[in-house]
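Show me how the following folds:
(one chain, ligands or ions: 1)
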Amino acid sequence: MDIREVLKRSGVVPVIVIEEEAKAVPLARALVKGGLGVLEVTFRTKAAAAAIRAIRAEVPEAVVGAGTLVTPEMARAAFEAGAAFGVAPGFDPAVVNAAKDLGLPFVPGIATASELSQALTAGLRIVKFFPAEAAGGVKMIKNLLGAFRFTGVEFMPTGGISLANLRDYLAVPEVLCCGGTWVAPKDAIARCDWAAIESLAAEAAACANCGSLV
Ligand code: 3PG
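This is a model prediction of the structure:
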């Protein structure tokens, strides 16, 4: 699987925070049905690895990655759960090396020119720009590109993205896709409102004009 291609085609990657494993499959089905087939399950909860396993088993049409991988152990747990890719909010060479050793495609977070430079030195060309809005938004990405475009770097901005600014980010050719929790809100997951999540996903997919991987 070419992770760049998968992310490029996704347009929007839902950032999922799931507390209960039992909700992973209906949540993934709702997102896929709405048109978002590439998912990031964050390792912020104890249910993350089990959620990834369940989605892989029950929703094979989804491509499921792992987010918030901030230690080498988390990278290993994500890999063992079957994550197709890993994402982190920051750049940590120990985590980058762990992912490399495991053969887990990895997207580190960067918010500055120095962090981007380190990611490029580590051989990575796709970075999560996080927290996108707070760190300068589209303007910051364009400024970084002024210096770094020649490297072939591409961005997955996440943090503060919604329907209101999604198109502005996706209009930058070097933005592969955007991530965000707005398509899988905590309250909708808590009340098992899968219809609401499907419609948020459909709205996002239509806005990104990405269609679906499935
Ligand atoms: C992430 O971990 O990628 C962010 O928490 C997502 O940010 P958002 O909640 O503003 O979408």
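
any low-confidence regions in this structure?
Per-residue confidence of the chain (counting by pLDDT under 70) places the weak regions at 210-214.

who in it is up against the ligand?
Proximity of the chain to the ligand is confined to 15, 42, 67, 89, 130, 158-161, 179-182 under the rule Cβ under 6 Å from any ligand atom. To be clear about C-beta, it is placed using only N, CA and C from the backbone, and glycine gets the same treatment.

Report the two members of those separated by the largest distance.
Taking every pair in those and measuring Cβ to Cβ, the maximum separation is 16.9 Å, between P89 and W182.

if we can go back for a sec, from the residues of the chain next to the ligand, which land in helices?
Counting by DSSP state H, the residues of the chain next to the ligand place none of their members in helices.

So which of these sit within strands?
Taking DSSP state E as the definition of strands, the residues of the chain next to the ligand contribute V15, T42, G67, G179, G180.

any idea which of these has the most stuff around it?
Per-residue neighbour counts (other Cβ atoms under 10 Å) across these peak at G67, which has 29 neighbours.

what sits against that residue?
For G67, the set of contacting residues under the criterion of Cβ atoms under 8 Å, 6 or more residues apart in numbering consists of V15, I16, E40, V41, T42, F43, G86, V87, A88, G179.

in the sheet, who's paired with it?
Following DSSP bridges, G67 is listed with bridge partners T42.

pretty sure F155 is in a strand, no?
Yes - when the secondary structure is assigned by DSSP: H, G, I helix; E, B strand; the rest coil, F155 falls within a strand.

related to what we said a few turns ago, nearest to the ligand among the ones in strands among the residues of the chain next to the ligand?
Of all these, the ligand sits closest to G180, with 3.4 Å by Cβ to the nearest ligand atom.

can I assume that closest one is in contact with V17?
No - shown here, G180 and V17 do not form a contact pair, counting by Cβ atoms under 8 Å, at 11.5 Å.

Do a quick rundown of the strands in the chain.
With DSSP E, the ranges of strands along the chain come out as 12-16, 38-42, 63-67, 86-87, 106-107, 109-110, 126-129, 154-157, 178-180.

Return the distance of S10 relative to the ligand.
Remark: distance between S10 and the ligand (Cβ to the nearest ligand atom, to the nearest Å) = 14 Å.

what's the answer for A50, then?
Following Cβ to the nearest ligand atom, the distance that separates A50 from the ligand is 19 Å.

the longest helix in the chain is where?
Among the elements of the chain assigned as helix by DSSP H, the one spanning the most residues is helix 194-208.
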